[in-house]
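Asks: Fold the following and give me the result.
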Amino acid sequence: QAQAHAQYLADHDLLTGLPNRNHVIKAYPQALEDCRQQGLQAALIFLDLDHFKRVNDSLGHGVGDELLMHLARRLQQALGPQERVARLGGDEFLLLVPHAEAATEARVRVQELLTLIAEPVQISQTELRVTPSIGVSLFPQDGSDIDVLMRHADQAMYCAKAAGRNSMAWFRPEMNAAAQSRLDLEVELRRALAQGDLKVYFQPRVDVVTGQVVGAEALTRWIHPQRGLIPPDVFIPVCEDCGLICELGAMVLEASTRQQVAWAGQGRALKISVNLSPRQFFYHALLQEVRGILQRTGCDPRMIELEITESVLLGHDERTVATLEGLHALGLGIAIDDFGTGYSNLAYLHRYPVDTLKIDRSFIRLLDELPALTEMIVTMCKVLKVNMVAEGVETVEQLAWLRERGVHEYQGFLFSPAVPPEAFERLLVQPQ
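Replies: Model (predicted):
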């Protein structure tokens, strides 16, 4: 019995009770061989939950574990004859679907899974919804052994994520080249960060009434020697996936504080805002790291504002509050980035030490079609009595609308994109 129990533990996931990766590697080759002998095909469906880390970061790992158990039960109950499901680890699941027409059957099963996973889950009086990204490889067309099929389904799943998530993608041979390119990008990114090749640019924050530059947002730029400018939406997700985001965030904060000190020495009192990723915000040594940067650079903390997304505030747990209050106690300002796009509980938001709300660019773009929606966001900012910054302002009409509504600052291409420090300084002396 002890031996059987030990074998069960080796082959099953302790949280969900599903077979684990070890079981897949040992048992699925025989399942594929059975398909071959029976003249069947098979679909290997790789399922990954979208933004699951946000649940752990904002609501805690206990809630995340409960959510995984709920979803594991749903998957088990949805299995058809001869179908298998396993949890590979984290928020990744694998389904094996044998069928005479595997591609046709997989298409049906995937649609069922997209609907099944997206159904709400009630945990501790909180209704949670997650969506999956799904990749599919077919046996024997895309591979004859389980390792190859899993790798191919995984590559297809990443393509589904890149295409916008909550969708599926079939494996295609050209994905192997794309996977190698991404691996090369990660290697080059590590080298660029180590060698100081990632640069900090600054986008002006401008007073809506006077047109004077009153601050800046620090943004990272990577100018690759061969590929040219690599957009942040390409390399930032890679940083998050491979664990470089905290190192990058610390580099940007230090560069920003040094730049603020340099500008202050020239008599320019400019407040600089710096983004904190969710992973960086929940880093256990964040306060110590920020305090060390401020001490090393001699920067006045009142001239630095840290931007966090609404998703960080989702749980309203003690850790979130303690971190915000700790940063505020250091003298730093706190801004909520992309305000209006997340899930902030307005009943709680006023309790946080928040100084600035940044109105997301999507609401500025909607001014022609749905001005009432943007008006509502502005009104919420006024109710909370915070500084208002509109992002993504591109036209004089948008600026005029913001001026009439009493919005305090704006940033966007109407004034300037993010530029290097020396170009930013030229903007400070140009006629308004």
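
Asks: quick one: buried residues of stretch 264-273?
Replies: Under the neighbour-count criterion of 16 or more other Cβ atoms under 10 Å, stretch 264-273 has 270, 271, 272, 273 buried. Where C-beta positions appear, they are placed from N, C-alpha and C, glycine not excepted.

Asks: Surely the second one touches residue 304?
Replies: Yes - checked against Cβ atoms under 8 Å, the pair residue 271 and residue 304 is within contact range at 7.2 Å.

Asks: quick one: common contacting residues for those two?
Replies: 260, 333 (Cβ atoms under 8 Å, 6 or more residues apart in numbering).

Asks: Wait, a strand at residue 240?
Replies: No - per DSSP: H, G, I helix; E, B strand; the rest coil, residue 240 lies outside any strand segment and is helix.

Asks: measure it to residue 23 for me?
Replies: Here residue 240 is placed at a distance of 30 Å from residue 23 (Cβ to Cβ, to the nearest Å).

Asks: Then residue 349?
Replies: Counting by Cβ to Cβ - residue 349 and residue 23 are separated by 45 Å.

Asks: Then residue 182?
Replies: From residue 182 over to residue 23 (counting by Cβ to Cβ), the distance is 28 Å.

Asks: and residue 392, helix, strand or coil?
Replies: Per three-state DSSP, residue 392 ends up coil.

Asks: so it touches residue 365, yeah?
Replies: Yes - the pair residue 392 and residue 365 qualifies as a contact (Cβ under 8 Å) at a distance of 6.8 Å.

Asks: for residue 271, what are its contacts?
Replies: If you count contacts by Cβ under 8 Å, 6+ apart, residue 271 has them with 205, 214, 215, 216, 260, 302, 303, 304, 305, 333.

Asks: Next, count neighbours for residue 38.
Replies: Other residues within reach of residue 38, judged by other Cβ atoms under 10 Å, total 10.

Asks: out of everything not next to it in sequence, what's closest to it?
Replies: What sits nearest to residue 38 in space, not counting adjacent residues and going by Cβ to Cβ, 6 or more residues apart in numbering, is residue 98, at 7.8 Å.

Asks: Where does pLDDT dip in the stretch 51-200 of the chain?
Replies: Counting by pLDDT under 70, the ranges of the stretch 51-200 of the chain that qualify are 178.

Asks: what about the helices in it?
Replies: 52-59, 61-77, 102-118, 146-162, 174-195 (DSSP state H, counting those that start in this stretch).

Asks: Just tell me which of the ones you listed ends up closest to residue 1.
Replies: helix 61-77 (24.7 Å; Cβ to Cβ).

Asks: thinking again about what came up before, tabulate the helices of the stretch 51-200 of the chain in JSON lines, adding columns for mean neighbour count and distance to residue 408.
Replies: Shown next, in JSON lines, are the helices of the stretch 51-200 of the chain (neighbours: other Cβ atoms under 10 Å; distance: least, Cβ to Cβ, whole Å):
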{"stretch": "helix 52-59", "mean neighbour count": "21", "distance to residue 408": "28"}
{"stretch": "helix 61-77", "mean neighbour count": "16", "distance to residue 408": "36"}
{"stretch": "helix 102-118", "mean neighbour count": "17", "distance to residue 408": "39"}
{"stretch": "helix 146-162", "mean neighbour count": "21", "distance to residue 408": "37"}
{"stretch": "helix 174-195", "mean neighbour count": "14", "distance to residue 408": "35"}
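
Asks: With distance to residue 44 as added columns, please give these in TSV.
Replies: Converted to TSV, the helices of the stretch 51-200 of the chain look like this (distance: least, Cβ to Cβ, whole Å):
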stretch	distance to residue 44
helix 52-59	21
helix 61-77	14
helix 102-118	9
helix 146-162	5
helix 174-195	14
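
Asks: Residue 321 is nearest to which of the ones you listed?
Replies: The closest of those to residue 321 is helix 52-59. By Cβ to Cβ, the value is 12.3 Å.

Asks: Name the residues that touch that closest one?
Replies: Around helix 52-59, the neighbours that count as contacts under Cβ under 8 Å, 6+ apart are 63-64, 67, 90-91, 126, 128, 130, 278-279, 281-282, 311-315, 317, 320.

Asks: do stretch 356-375 as well
Replies: Under the criterion Cβ under 8 Å, 6+ apart, residues 273, 305, 307, 333-341, 377-378, 380-381, 384, 386-394, 397-398, 401, 405, 407, 412 lie in contact with stretch 356-375.

Asks: Select from those every entry located in strands.
Replies: With strands defined by DSSP state E, the entries of the contacts of stretch 356-375 inside them are 273, 305, 307, 333-339, 387-390.
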